[in-house]
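*Asks:* Predicted model follows, preceded by the sequence.
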Amino acid sequence: MSGNVFGSIFRVMTFGESHGPYIGMVIDGLQPGLAINVDEIQQELDRRRPGQSNLVTPRQETDRAEIVSGIFEGKTTGTPLCILIRNQDQRSLDYRNLKDLLRPGHASFTYLQKYGIFDYRGGGRASGRETATRVAAGAVAKQLLKQRDIHIFAYTKQIGDVVIDSVDFAEIEKNPVRSPDARAASKMAAAISQAQQQGDSLGGVIEIVVKNCPAGLGEPVFNKLDADLSQALMSIGAVKAFEVGGGFSAAHHTGSNFNDLFYYDSQSKKFHTQTNQAGGILGGISNGEDLVMRIAVKPPSSISKKQNTVDFSGKPAELEIKGRHDPCICPRVVPVAEAMVALVLIDHLLMQERISSLNDLENIRNKVDTIDTQIMLLYAQRRKLVGEIARIKKDKQLPVLDKTRETEKENKMQEMARELQIPSKLTTDLFHFILQDSYNIQEEIIQ
Ligand SMILES: Cc1cc2nc3c(=O)[nH]c(=O)nc-3n(C[C@H](O)[C@H](O)[C@H](O)COP(=O)(O)O)c2cc1C
């Protein structure tokens, strides 16, 4: 089963299933010596874990991050960073009566079509539990982004028919639905409770904003930043749509009012746009504005309301789900969405840093090449002058060797070498090499 690895430089592999002993992840490609706060990884996992409020599943999973490798005394070692999370509160019996039934909205049907086998106890790799490993990896990525002053905020924008009117980032973690609008948050909570009482569930929209994303992230053509963000966010279970900036509203606009007009900010000495319909991405490359994107999250399929279905023999059946499920997963998808965005951004950032350092390398190499050419030109000139000296010495019948002058010259060169911090041995070798070449030129002319 492939498709479990994400990223090209900051590479993450996740593994494990909801009803096995552990789930986990490995990050490969981390530089050594990066400061990583393990408590912050745990805080992110706590934001996603079940049982945080009565609006999400009451399953009790502590989701403790067990660091297996890759971090020593708060710093990356450069070896694969592996984190395990133990599965704790699985109740496999909850699933036994579903074993022979096709569950509407669930991945069990397609997994069976694909593999011919499926662990009916929970969702296996399709379970929301799998996303804990993404959050652990994303927490590492987030810290590296924070060190570069890049910050990601995700929040619930809509649940059912309730839509936010305002955005206050400070409000997000203060209410159980993770809404940036306190008033909308209580209406959302009421709507979720009502759906739950009716044995049903609700979907919603999550918005993700990235502050201080530098311009230049994104690769032509297939790894455009928006293409990679879309892939990352659409890979979260239950996400049904992705849009960036103006998104689907683009259909209602004309070019003249959809275009983001540029201006030059003389204070920051940067170009900006007056509006942000582009969502911070032009031509697949970040333009320095906030990244703004949204995902639509479907109402969870596991509902206690009776549903009609069929069993594996095709016989009609009634399905009544008894497990402990989320009536709305938006509040729990918020940290998962942030994690996936963080993974995409850190990967693109590392890619861009490689390009920049490649540019630096190219520049320096050009300078070295110029110096080498100058050395060759000067050396050719020197050889010519040595030839002229040889002709004068021949005319005046002077000896080729002049020990006093040579010793004086070598001393002067060593003195210079000390000032310029050139190793003494190298200076001696260089001087003797040049001297030998001069002798050869003179001997040839004089004889
Ligand atoms: C954090 C999280 C928690 C989830 N919890 C549930 C749940 O309790 N019940 C459920 O039916 N689906 C839940 N899901 C959604 C399923 O994983 C998803 O709907 C299923 O795999 C089918 O995939 P699809 O909806 O993308 O087609 C959860 C998803 C996430 C990301």
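*Replies:* Looks like it came in fine. Residues are numbered from 1 along each chain as shown.

*Asks:* quick one: contacts for the residue in the chain positioned nearest to the ligand?
*Replies:* Nearest residue of the chain to the ligand: residue 128, at 2.3 Å (Cβ to the nearest ligand atom). The C-beta positions use only the backbone N, C-alpha and C, and glycine is treated the same way. With contact taken as Cβ atoms under 8 Å, 6 or more residues apart in numbering, residue 128 is in contact with 237-238, 326, 329, 332.

*Asks:* mind redoing it with 7 Å?
*Replies:* By Cβ atoms under 7 Å, 6 or more residues apart in numbering, the residues touching residue 128 are 237, 329.

*Asks:* Can you give me the pLDDT of it?
*Replies:* For residue 128, the model assigns a pLDDT of 91.

*Asks:* so how far is residue 183 from it?
*Replies:* Relative to residue 183, residue 128 is positioned 28 Å away (Cβ to Cβ, to the nearest Å).

*Asks:* again, but for residue 100
*Replies:* Look at residue 100 and residue 183: by Cβ to Cβ, they are 46 Å apart.

*Asks:* What of residue 361?
*Replies:* Counting by Cβ to Cβ - residue 361 and residue 183 are separated by 54 Å.

*Asks:* which residues in the stretch 101-250 of the chain form strands?
*Replies:* For the stretch 101-250 of the chain, the strands defined by DSSP state E, counting those that start in this stretch occupy 151-159, 162-163, 204-211, 239-244.

*Asks:* Pull up the residues of the chain that are close to the ligand.
*Replies:* Contact residues, the chain versus the ligand (Cβ under 6 Å from any ligand atom): 57, 106-107, 123, 126-128, 131, 236-238, 298, 300-302, 325-326, 329, 332-333, 336.

*Asks:* Quick one: mark the members of those that sit in helices.
*Replies:* 131, 332-333, 336 (DSSP state H).

*Asks:* Mind splitting this structure into its structural domains?
*Replies:* Domain assignment for the chain, taken from automatic domain parsing, gives 90-245+280-358, 367-446.

*Asks:* And the contacts of stretch 179-198?
*Replies:* Contacts of stretch 179-198 (Cβ under 7 Å, 6+ apart): 55, 155-156, 159-160, 162-169, 171-172, 175-177, 201-202, 305, 327-328.

*Asks:* Can you select the buried ones from the residues you listed in ChimeraX?
*Replies:* The following ChimeraX line selects those of the contacts of stretch 179-198 that are buried, judged by 16 or more other Cβ atoms under 10 Å:
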select :55,155,156,159,160,162,164,171,172,175,176,177,201,202,327,328
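
*Asks:* in this protein, which spans are helices?
*Replies:* In the chain, the segments counted as helices under DSSP H are 38-48, 108-115, 131-146, 182-197, 225-234, 255-258, 330-396, 403-420, 424-446.

*Asks:* which residue packs closest to residue 387, ignoring adjacent ones?
*Replies:* Excluding the flanking residues, the one nearest residue 387 by Cβ to Cβ, 6 or more residues apart in numbering is residue 441, at 5.7 Å.

*Asks:* Surely the one you found and residue 388 touch.
*Replies:* No. If you go by Cβ atoms under 7 Å, residue 441 and residue 388 don't touch, sitting 10.1 Å apart.

*Asks:* These two: which has the busier surroundings?
*Replies:* Neighbours were counted for residue 441 and for residue 388 using other Cβ atoms under 10 Å; residue 441 has more, 19 against 10.

*Asks:* What separation is there between that one and residue 46?
*Replies:* To residue 46, residue 441 is 79 Å away according to Cβ to Cβ.

*Asks:* what's the answer for residue 424, then?
*Replies:* Distance from residue 424 to residue 46, counting by Cβ to Cβ: 61 Å.

*Asks:* ok so, going back, who has more neighbours, residue 361 and residue 183?
*Replies:* residue 183 (13 against 10).

*Asks:* Can you tell me how far that one is from residue 195?
*Replies:* 20 Å.

*Asks:* re earlier: output the ones in helices among the residues of the chain next to the ligand as JSON lines; include the columns neighbour count, distance to residue 243 and pLDDT.
*Replies:* Shown next, in JSON lines, are these (neighbours: other Cβ atoms under 10 Å; distance: Cβ to Cβ, whole Å; pLDDT from 0 to 100):
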{"residue": "131", "neighbour count": "25", "distance to residue 243": "21", "pLDDT": "96"}
{"residue": "332", "neighbour count": "23", "distance to residue 243": "21", "pLDDT": "96"}
{"residue": "333", "neighbour count": "27", "distance to residue 243": "16", "pLDDT": "98"}
{"residue": "336", "neighbour count": "27", "distance to residue 243": "18", "pLDDT": "98"}
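
*Asks:* mind checking how far the residue nearest to residue 109 when sequence neighbours are not counted is from residue 162?
*Replies:* Closest residue to residue 109 in three dimensions, ignoring its sequence neighbours and counting by Cβ to Cβ, 6+ apart: residue 102, at 5.3 Å. Separation of residue 102 from residue 162 (Cβ to Cβ) stands at 32 Å.

*Asks:* cool, residue 440 as well?
*Replies:* Residue 440 is 91 Å from residue 162, by Cβ to Cβ.

*Asks:* Buried residues, stretch 253-267. List them.
*Replies:* 258, 260.

*Asks:* and stretch 275-286, how far apart are its ends?
*Replies:* 15 Å (Cα to Cα, to the nearest Å).

*Asks:* what does it rub up against?
*Replies:* 213-218, 220, 224-227, 244-246, 258, 260, 287, 289-293.

*Asks:* Report the distance from that stretch to the chain centre.
*Replies:* 18 Å (Cα atoms, centre = their mean, to the nearest Å).
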